[in-house]
Structures are given as C-alpha cells and as structure tokens.
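A.B. asks: A structural model of the following input is requested.
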Amino acid sequence: MSPAAGSGGAPPDPAEPGSSAPAGLDAAQALLDELLRRPPELPYDPGLLRELFDTTRDDSLAPLSAVAGVVNKAQGLATRVLSLANSAYYGLQSEVTSVQRAVAVLGMAEIRALVLALGVSRMIDRSRLPAGFDLREYWIHQLSVAAGCRLLARRLPGCDAETCYTAGLLHDLGKLLIAAYRPDDWAAIRQLARDEKLMDSEAEELLLGLDHGVVGARLLSFWDLPMALTEPINWHHAPHLAGEHERAALVVHVADATLRLRERLAGRDTNGMPGSLPDGLPEDLLIPQWLDDAARKLGVDVTAFMAEIETLLEGERIGQFVSQLA
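C.D. replies: Numbers count the residues shown, from 1 in each chain. Next up, the predicted model:
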C-alpha cells in the first residue's frame, strides 16, 4: 500500500542521538524499519507514482491527456517536467509549453522517468548528505547507466527497454538512502571498499548484511511500484536470484559494471563529467571474468558494448540534465 500524502518525513538529522545504528544485521534491519516508519518525503503524493505507471505501461490504452492529467495533479511538478523537457538534454527544436505536448514529443515512459528523477532529487533536498557524497557524480552515473540499460534492452526480444531505463536511473537509490539515513555507515562502507579494494555492494554486505539494491527496492515497493521495476533494482548485484526478472536484472548489472569500468578508464573532465577516451579502449583492457560471463548471458561482448556506450555518451547531454537535479 502507498503511504498517504504527506505521511513521510525527511531523513533524520545525522547529529540526532540514536540516528546511528549498530553494525551488521541489526543495522540493516534498523535502516529498513526506519525507511518504512519515516519514509523520505516526495514532493507529491506517492500514489501518483503508481497511477503514472498504470497509465504508461506497455499495454495501457490511456490517452496522452490522461498521463498529462496525472502529472498536473501535483502542484509545481508540471513546471519542473517542462523545464527538464525544454533543457538542452533533449535538444528539442521548439519549446514545449504543455505536459500533454511533452508526453507526445518525448513519450510516456520518458515522462515517467522524469517524474521519478525529479521526485528522488527533491526528496533529499532536506537531507544532510555526507560531505564526501558527490550528488552530481551520483546523477551522472545514474543517467549513464540508464542510457546503457536502454541500449542493451532494445536488442533483447521481449525486454521492456523503458522499464530497464527507469531501473538504471534508480539502481543506486539505496546508496543515496544509506548516505542520508546512516552517514556514518556510508563513510565506513566507502573506507572498507577503498582499503580492501571491494565493490560498494560487497562492503555493504560485510557491514550491513545487505546491499544498496535491497534498500532502494524496499522503498520503491513501499510506494507500490511494480515488481518489473523493483526486482531488477533489488537484484542488480545478484541477477541469478531475480527469478522471472533475471534478464532485466542482468541488463542493469552489465550496464552498471561496464559504466563503472569506463569511468575508471576515463577519469573526470573539468565539469565533473566522465572524460572521453580519444584513443579508444586500451588494447590490454582486462574485463573481469564475472562481467564477461554476465554479458554473454545476454549475448553481449563487453568490449563492443563499451565502444557503443562511448558513441552513445558523446551524443547525450547528461550534464544538462544533471544541472536540473543536483
């Protein structure tokens, strides 16, 4: 069930006594309990998300006006959607002045992703994220992975590319929540990952007993979003456990890992964006065996996919989108 409008709350003040939880499984349970007891406050009724998914799913017969009507229900949301739709990210030839026109031009699923991104962005406005949490870098990665997910899913018969895009956009929501709700644990996870050369998900498992995929999916499930979205996020670091959603979880898993590898190779430019690879991929590039195995389950060659991503990101204007979110 979705919470009633206004029933959520901003993440607790990290300085509040008792805001830190003990390490291990107790910490994990305390975090999940708090997420449901005091969920972060969206800038609109969470029930709107479920309604939006119902009107934009693949088999929906809802007219464009119905989708626009859902967005227009939330005060101020339509203005933000139009601002993003008219940003340089989309490169539209003429200004879009109504949500219904934005839906017609960008598509229902794209509007759905915009609403989710804006909601997540606004819900952490009141949070005191740790100084080391780079919100701009976070959104750059989310958007890059989303683009990679769509690229992968479009070549897989029967795979919903737009739902995979949305899953990619939200795949690290749990990291944001851990940082906002448990800043000390977030810092300890980052330190352990650096010291032991672990992935964040591995360090989270060691310190919390679960990874960020579980945390993000728990909140999305609480908002009554469909399993087609929540399960790929839940299991994107363990796709083999995703059951009927394994292929979508593999899409997010491969896109995420490939983008992480590319980010390490490219570094950052002066604007904080991943730099380009002007000389192409290194000839001695070592693809981790686990990533190669996962990609082959999708019929994908990681090196070829990374080259496609390079071309894709050159045409994207992700920085323009990020400027609206971070």
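A.B. asks: show me where the stretch 101-250 of the chain dips below the pLDDT cut-off.
C.D. replies: Scanning the stretch 101-250 of the chain with the threshold set as pLDDT under 70 gives 125-127.
A.B. asks: longest helix anywhere in the protein?
C.D. replies: Criterion DSSP state H: the longest helix present in the chain is helix 246-266.
A.B. asks: of all the residues in that one, which ones are buried?
C.D. replies: 246-263, 266 (16 or more other CB atoms under 10 Å). For every residue, glycine as well, the C-beta is placed using N, CA and C.
A.B. asks: so how far is it off the chain centroid?
C.D. replies: How far helix 246-266 lies from its chain's middle: 12 Å, per CA atoms, centre = their mean, to the nearest Å.
A.B. asks: quick one: the very next helix or strand once past that helix to helix 246-266, angle?
C.D. replies: Using DSSP states H and E, the helix or strand that directly follows helix 246-266 along the chain is helix 289-297. Interaxial angle, helix 289-297 versus helix 246-266 (axes from the mean of the first three to the mean of the last three CA atoms, to 10 degrees): 130 degrees.
A.B. asks: what is helix 289-297 packed up against?
C.D. replies: Identification of packing neighbours for helix 289-297 by 3 or more CB pairs under 8 Å, 6 or more residues apart in numbering; DSSP states H and E yields helix 246-266, helix 302-315.
A.B. asks: I'd like these as JSON lines, with distance to residue 123 appended.
C.D. replies: Below are these laid out as JSON lines (distance: least, CB to CB, whole Å):
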{"stretch": "helix 246-266", "distance to residue 123": "21"}
{"stretch": "helix 302-315", "distance to residue 123": "27"}
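A.B. asks: nearest to residue 85, of these?
C.D. replies: Of all the helices and strands packed on helix 289-297, it is helix 302-315 that lies closest to residue 85, at 18.0 Å by CB to CB.
A.B. asks: so what touches the helix or strand following that closest one?
C.D. replies: Where DSSP H and E defines the elements, the next helix or strand beyond helix 302-315 is helix 318-325. The contact list for helix 318-325 (CB atoms under 8 Å, 6 or more residues apart in numbering) reads 80, 83-84, 87-89, 117-118, 121, 136, 139-140, 143-144, 147, 271, 273.
A.B. asks: go again with 7 Å.
C.D. replies: Contacts with helix 318-325, where a contact means CB atoms under 7 Å, 6 or more residues apart in numbering, come from 83-84, 87-89, 117, 121, 136, 139-140, 143-144, 271, 273.
A.B. asks: got it, and stretch 213-222?
C.D. replies: The set of residues external to stretch 213-222 that reach it, using CB under 7 Å, 6+ apart, is 31-32, 35-36, 39, 170, 173-174, 177-178, 229-230, 233-237.
A.B. asks: mind running it again at 8 Å?
C.D. replies: With contact meaning CB under 8 Å, 6+ apart, stretch 213-222 is reached by 2-3, 31-32, 35-36, 39-40, 170-178, 201, 227, 229-231, 233-238.
A.B. asks: and those residues, which of them are in strands?
C.D. replies: Judged by DSSP state E, strands contain none of those.
A.B. asks: if any of these are buried, give me the PyMOL selection for them.
C.D. replies: Remark: buried members of those, expressed as a PyMOL selection using 16+ other CB under 10 Å:
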select buried, resi 2+3+31+32+35+39+40+170+171+172+173+174+175+176+177+178+201+229+230+231+233+234+235+236+237+238
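A.B. asks: the closest residue to residue 287 other than its chain neighbours and residue 104, how far apart?
C.D. replies: Among residues not flanking residue 287 along the chain, residue 302 sits closest, at 4.9 Å (CB to CB, 6 or more residues apart in numbering). From residue 302 across to residue 104, the span is 37 Å (CB to CB, to the nearest Å).
A.B. asks: who's more crowded, these two?
C.D. replies: Set residue 302 next to residue 104 and count neighbours by other CB atoms under 10 Å: residue 302 wins out with 20 against 15.
A.B. asks: how about that one, what does it touch?
C.D. replies: Counted by CB under 8 Å, 6+ apart, residue 302 has contacts 254, 258, 287, 291, 292, 295.
A.B. asks: where does the fourth one land on pLDDT?
C.D. replies: Per-residue confidence at residue 291 stands at 95 (pLDDT).
A.B. asks: also the first one?
C.D. replies: Looking at residue 254, its pLDDT reads 98.
A.B. asks: and it, how far from residue 32?
C.D. replies: Taking CB to CB as the criterion, residue 254 is separated from residue 32 by 27 Å.
A.B. asks: hang on, isn't residue 200 packed against residue 171?
C.D. replies: No: Residue 200 sits out of contact with residue 171 when judged by CB atoms under 8 Å, with a separation of 11.9 Å.
A.B. asks: could you confirm residue 132 falls within a strand?
C.D. replies: No: per DSSP: H, G, I helix; E, B strand; the rest coil, residue 132 lies outside any strand segment and is coil.
A.B. asks: show me the contacts for residue 83.
C.D. replies: Counted by CB under 8 Å, 6+ apart, residue 83 has contacts residue 324.
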